[in-house]
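**Student:** how would this look folded up:
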Amino acid sequence: MLPPELPPLPALTRAEGDFVDSFLQVVDLLGRINPARGADTYSALRAAQALPAQAMALRDALTAMHMRGETELHSATLARALRVLDGERRAGRVALPPEATG
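**Tutor:** Just a heads-up that it's a prediction; the model follows:
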């Protein structure tokens with residue numbers, strides 16, 4: 001049985017696509033650095049080393065949007081794109097895990 005088909009990505013400009021991709025890459029790295037979820041220092045260190053380059057890519061995508069006259073973020077459209085790309089799960093790794101009870 002095939003998995004359910006994902007909804008299509010909303011129409012994005014190239015810069016918006018780069019923005020969403022860069023944002024999710026930064027979120028993934030922050031999730032790997034999160035001390036409440038990490039397992040070892042080496043993977044957190046590697047993620048922390050990669051973070052500045054990804055932050056620059058995020059900055060560059062936003063700069064491109066601004067320079068092209070894209071002065072507004074279309075939050076609803078970008079949120080749909082993030083959901084299609086599993087952004088909720090990925091961003092959840094940045095948050096603290098639920099407190100263990102018991």
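**Student:** the helices in this structure, which residues?
**Tutor:** Per DSSP state H, the chain carries helices over the ranges 14-33, 41-67, 75-84, 87-92.
**Student:** Nearest to Leu6 among those would be which one?
**Tutor:** When the helices of the chain are compared by Cβ to Cβ, helix 75-84 sits nearest Leu6, at 5.8 Å. To be clear about C-beta, it is placed using only N, CA and C from the backbone, and glycine gets the same treatment.
**Student:** Can you name the residues in contact with the closest one?
**Tutor:** The contact list for helix 75-84 (Cβ atoms under 8 Å, 6 or more residues apart in numbering) reads 6-12, 16-17, 19-20, 23-24, 87-88, 91.
**Student:** one more time with 7 Å, if that's ok
**Tutor:** 6-7, 9-10, 12, 16, 20 (Cβ atoms under 7 Å, 6 or more residues apart in numbering).
**Student:** rewinding a little: dump the helices of the chain to JSON lines, plus distance to Ala100.
**Tutor:** Shown next, in JSON lines, are the helices of the chain (distance: least, Cβ to Cβ, whole Å):
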{"stretch": "helix 14-33", "distance to Ala100": "19"}
{"stretch": "helix 41-67", "distance to Ala100": "21"}
{"stretch": "helix 75-84", "distance to Ala100": "29"}
{"stretch": "helix 87-92", "distance to Ala100": "17"}
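**Student:** re earlier: ok, which pair from the contacts of helix 75-84 is furthest apart?
**Tutor:** Across the contacts of helix 75-84 (Cβ to Cβ), the longest gap, 18.4 Å, separates Leu6 and Glu16.
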